[in-house]
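Student: Using only what follows, build the 3D model:
(one chain, ligands or ions: 2)
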Amino acid sequence: MSSGNVVTLVDACRHYQRGEEVVRALDGVSLEIAAGEAIALVGASGSGKSTLLNLVSAVDRPTSGRVEVCGVELATAPEDELLGLRRRCIGLVFQAFHLVPHLTAEENVALPLALDGRSDPDRVAELLRRVGLAHRRGHYPSELSGGEQQRTALARALVHRPRLLVADEPTGNLDSHTGSAVLELLAELQRSERAALLLATHDESVAAATDRIVHLHDGKLVR
Ligand SMILES: Nc1ncnc2c1ncn2[C@@H]1O[C@H](COP(=O)(O)OP(=O)(O)OP(=O)(O)O)[C@@H](O)[C@H]1O
Ligand SMILES: [Mg+2]
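Tutor: Ligands and ions are numbered 1, 2, ... in the order given. Predicted coordinates:
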């Protein structure tokens, strides 16, 4: 199924068996994300957004159907290949920032490189500058504002030049003014870094920062 797409889902399902009951968290989703394309995934709470993001981030595997990310077929790939995929191809941004508390902003940004046995101080410095935090590089997360923490997380998500940026409600923990600024920065960095973007949100105004909006309802895409 190799294609030029960064992400290809064909009839992808993620079902959970709970005793007699089957929860169809994701139920037959087909979707293609081209290189550099920005897609907003919009849906109500419980519609399956995070479930889909976990698949596309190679954190989870489909129970049926096909999910290919950066040329790797998730259903059959060995665990170490998925780890390599996560470390080299994917950048993640979360609602709750998820910075490492005992590392400085600079060390947090460098972390994806360090985990992959690499070091690139110039790249780390460049990203800190581009998110406007060069002067805060020695601060710990507890010494940063919410918006600054999310800007640090953005720099961390992009430091290793991922082909795919995955963001789950990245402005959900920020006030609307700070959220808009973070979103603008995210869109600008995504374009200049030529990464594809899959951004989950229940906020249609957030979705306007992307090329295309797809709607999810009860685990299915709504056309
Ligand atoms: N481990 C699990 N076992 C059973 N059901 C699950 C499991 N994880 C998620 N679900 C169910 O799958 C559905 C989709 O969950 P998901 O977290 O993807 O929703 P979401 O769209 O991200 O919602 P929110 O906007 O609230 O974050 C929900 O109904 C949830 O209860
Ligand atoms: Mg969610």
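
Student: When you work out contacts or count neighbours from here on, use the C-alpha atoms and nothing else.
Tutor: Noted.

Student: Would you mind writing the CA trace of the helix or strand bottoming out on mean pLDDT in the chain as CSV?
Tutor: Lowest by mean pLDDT, DSSP states H and E among the helices and strands of the chain is helix 204-207, with a mean of 81. Extracted in CSV, the C-alpha atoms of helix 204-207 (Å, rounded to 0.1, in the frame of the first residue of the first chain):
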residue,chain,number,x,y,z
GLU,A,204,-14.4,24.9,14.7
SER,A,205,-12.6,28.2,15.0
VAL,A,206,-9.3,26.3,15.7
ALA,A,207,-10.0,24.2,12.6
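
Student: List the strands paired with whichever helix or strand comes after it, with their directions.
Tutor: Where DSSP states H and E defines the elements, the next helix or strand beyond helix 204-207 is strand 212-217. Counting by DSSP bridges, the strands paired with strand 212-217 are strand 38-42 (parallel), strand 220-222 (antiparallel).

Student: Tell me which of those sits most buried.
Tutor: When you average the neighbours per residue for each of the strands paired with strand 212-217 (mean count of other CA atoms under 10 Å), strand 38-42 leads with a mean of 25.

Student: can you tell if that one touches ligand 1?
Tutor: No: for strand 38-42 and ligand 1, the contact criterion (CA under 6 Å from any ligand atom) is not met; the two come no nearer than 8.4 Å.

Student: from the chain's centre, how far out does that strand sit?
Tutor: Using CA atoms, centre = their mean, to the nearest Å, the mean C-alpha position of strand 38-42 is found 11 Å from that of the whole chain.

Student: Tell me which residue is most central in this protein.
Tutor: The centroid of the chain falls nearest to residue 166 when counting by CA atoms, centre = their mean (1.4 Å).

Student: which residues pair with it across the strands?
Tutor: When bridges are assigned using DSSP bridges, the partners listed for residue 166 are residue 92, residue 198.

Student: Confirm for me that it is in contact with residue 197.
Tutor: Yes: taking contacts as CA atoms under 8 Å, residue 166 lies within contact range of residue 197: 5.9 Å.

Student: Make sure I have this right: residue 194 is in a helix.
Tutor: No: the secondary structure assignment for residue 194 gives coil rather than a helix, going by DSSP: H, G, I helix; E, B strand; the rest coil.

Student: What about it, how many residues nearby?
Tutor: Counted with other CA atoms under 10 Å, the burial measure for residue 194 works out to 18 neighbours.

Student: cool, and the one 3 residues further on?
Tutor: Applying other CA under 10 Å, we find 28 other residues in the vicinity of residue 197.

Student: Enumerate every residue touching it.
Tutor: Applying CA atoms under 8 Å, 6 or more residues apart in numbering, one finds that residue 197 lies in contact with 36-39, 164-167, 190.

Student: Quickly name whichever of these is closest to ligand 1.
Tutor: Of all the contacts of residue 197, the one sitting nearest ligand 1 is residue 167; the distance, using CA to the nearest ligand atom, is 11.4 Å.

Student: on that earlier part again, need the strands paired with strand 212-217 in CSV with distance to residue 122 and mean pLDDT, can you?
Tutor: Formatted as CSV, the entries for these read as follows, by distance: least, CA to CA, whole Å; pLDDT from 0 to 100:
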stretch, distance to residue 122, mean pLDDT
strand 38-42, 27, 95
strand 220-222, 41, 96
